[in-house]
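Engineer: build me a model:
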Amino acid sequence: MFWNKKKQPSLDGMEIAEQCRLEAEALYRSGKYHCAEAVLETMRRHFAPDAPEGVVASVSGFGGGSGSGCICGAVAAGTVALGMVLGDKKATSHMTKELHAWFKEKYGATCCRVIRAENDKGICPLLTGEVAGKIAEMLGRQ
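Structural biologist: Reported below is the predicted structural model:
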């Protein structure tokens, strides 16, 4: 799914949050993106299309819990996406807290190692999509 940057994508009645969820999960499953990259690329396409495609490389180190297994790469990239789209420190901080609280409630932790130990390995594409959908939902309220 590639769109002209000057045009908004046709959602055919689908809510933006659901579209972002599906797109981020598909990017992850393609094997070309890991969790963090898929989240940031999806948010870039839908909420910051003028941002260069190369911005996605800025989160390449976040996959697999930033190499240490700790903070989930999808959540870390979600924080970056919020800052990129909002451009406001206070709003980004507020929404980041909301994102982390939502994720922790849903998965019990924000630590990649903990999540993967307690779930099937196939959880990563699903939570990648869910993080992208949640961020889109949050940004849609702005």
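Engineer: any idea of the pLDDT on residue 115?
Structural biologist: With respect to pLDDT, residue 115 scores 91.
Engineer: what's the burial count for it?
Structural biologist: Neighbour count for residue 115, taken as other C-beta atoms under 10 Å: 21. The way it works is simple: take the backbone N, C-alpha and C, and place the C-beta from them, glycine included.
Engineer: show residues contacting stretch 19-30.
Structural biologist: 1, 9, 11, 33-35, 37-39, 41-43, 45-46, 124-126, 128-133, 135-136 (C-beta atoms under 8 Å, 6 or more residues apart in numbering).
Engineer: tell me which entries of the residues you listed lie within helices.
Structural biologist: 35, 37-39, 41-43, 45-46, 124-126, 128-133, 135-136 (DSSP state H).
Engineer: what subset of these is buried?
Structural biologist: Applying 16 or more other C-beta atoms under 10 Å to the ones in helices among the contacts of stretch 19-30, the neighbour count classes 35, 37-39, 41-43, 45-46, 124-125, 128-133, 135-136 as buried.
Engineer: right, and the helix or strand after the helix or strand hosting residue 97?
Structural biologist: Using DSSP states H and E, residue 97 falls within helix 89-107. Sequence-wise, the next helix or strand downstream of helix 89-107 (DSSP H and E) is helix 112-118.
Engineer: who are the contact partners of the closest residue to residue 113 other than its chain neighbours?
Structural biologist: Among residues not flanking residue 113 along the chain, residue 69 sits closest, at 3.6 Å (C-beta to C-beta, 6 or more residues apart in numbering). By C-beta under 8 Å, 6+ apart, residue 69 lies in contact with 111, 112, 113.
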